[in-house]
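> predicted model and sequence follow; I will ask about them next.
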Amino acid sequence: MTRSTGADRLADELRDRVLSGVLAPGTPLREELIAAEQGLSRHTVRRALERLVAERLLVSEPFRGVRVTSFSDDDVTALQQLRGALESEAVRLLRAEHAEAWPADVLDPLRAAVRRLEHGGPVEESHAAFHRLLVSSAGSARITEAYERLDAEMLLFLRQLRFHYDPHTLCVEHDAYLADVQLRGEPAVREHLAHATTVLLRARATR
């Protein structure tokens, strides 16, 4: 078993505070203040902050220090485009192996993940879990790893937006999406995520 370090524990605590909204977008995080509050060395605090910067939950800029990430429309669009590129390649690999009829060992877990969109707890996490499972089903460790790095950033945006998903509608949409990616592949991924991007940006504009 790997033992957690002070940097691990601090990173976990700060991640929770960022994702829960306790630390609002743009909030500065001062290394020396955190070290004093937590009774940790500045080196330990720096390592924890660097970890969250790598997850893109925090940003670090010269002369401005470290602060909680906030999103522009361009940031959201770029994030969705990157998700689309990775998910499209995963779907291409799945269709290259299974054509338009994916086997039960691929489909059954995905269908169960769709059901959890409506009945499986926090909708944001269930939604992320479905897409993460779709990507990992392709069997490419590198694509899966790259995709998983986007999860925290996307979750942060949704939490900051306080976007409300309708669980039933989301379930119906992702049932249709799962059928569509088998039939049409990458165009279905691009259309699905483009629609999601439009919905999110519209919600952002009306806040």
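Sure thing, it's come through. Note that the coordinates shown come from a computational prediction; the quantities given were computed from them, not determined experimentally.
> which residues does Glu191 contact?
By CB atoms under 8 Å, 6 or more residues apart in numbering, Glu191 lies in contact with nothing. For glycine as for every other residue, the C-beta is placed from the backbone atoms N, C-alpha and C.
> could you say which helix or strand contains it?
Using DSSP states H and E, Glu191 sits in helix 186-205.
> for the chain, what spans make up the strands?
28-29, 58-61, 65-68 (DSSP state E).
> please work out which of these is packed deepest.
Among the strands of the chain, strand 65-68 has the highest mean neighbour count (mean count of other CB atoms under 10 Å), at a mean of 18.
> buried stuff in the helix holding Glu191?
Buried positions in helix 186-205, judged by neighbour count with 16 or more other CB atoms under 10 Å: Glu186, Ala188, Val189, Arg190, His192, Leu193, Ala196, Thr197, Leu200, Arg204.
> how is this protein partitioned into domains?
6-68, 73-205 (automatic domain parsing).
> counting contacts, what elements does the lengthiest helix in the chain pack onto?
The single longest helix within the chain, with elements called by DSSP state H, is helix 73-98. For helix 73-98, the contact count by 3 or more CB pairs under 8 Å, 6 or more residues apart in numbering; DSSP states H and E identifies helix 123-136, helix 141-148, helix 151-161, helix 167-184, helix 186-205 as packing neighbours.
> ok, of the ones you listed, where does mean pLDDT dip lowest?
Among these, helix 151-161 carries the lowest mean pLDDT, at a mean of 86.
> next, the angle from that one to helix 123-136.
Interaxial angle, helix 151-161 versus helix 123-136 (axes from the mean of the first three to the mean of the last three CA atoms, to 10 degrees): 150 degrees.
> does anything pack onto helix 151-161? Which helices or strands?
helix 6-19, helix 73-98, helix 123-136, helix 186-205.
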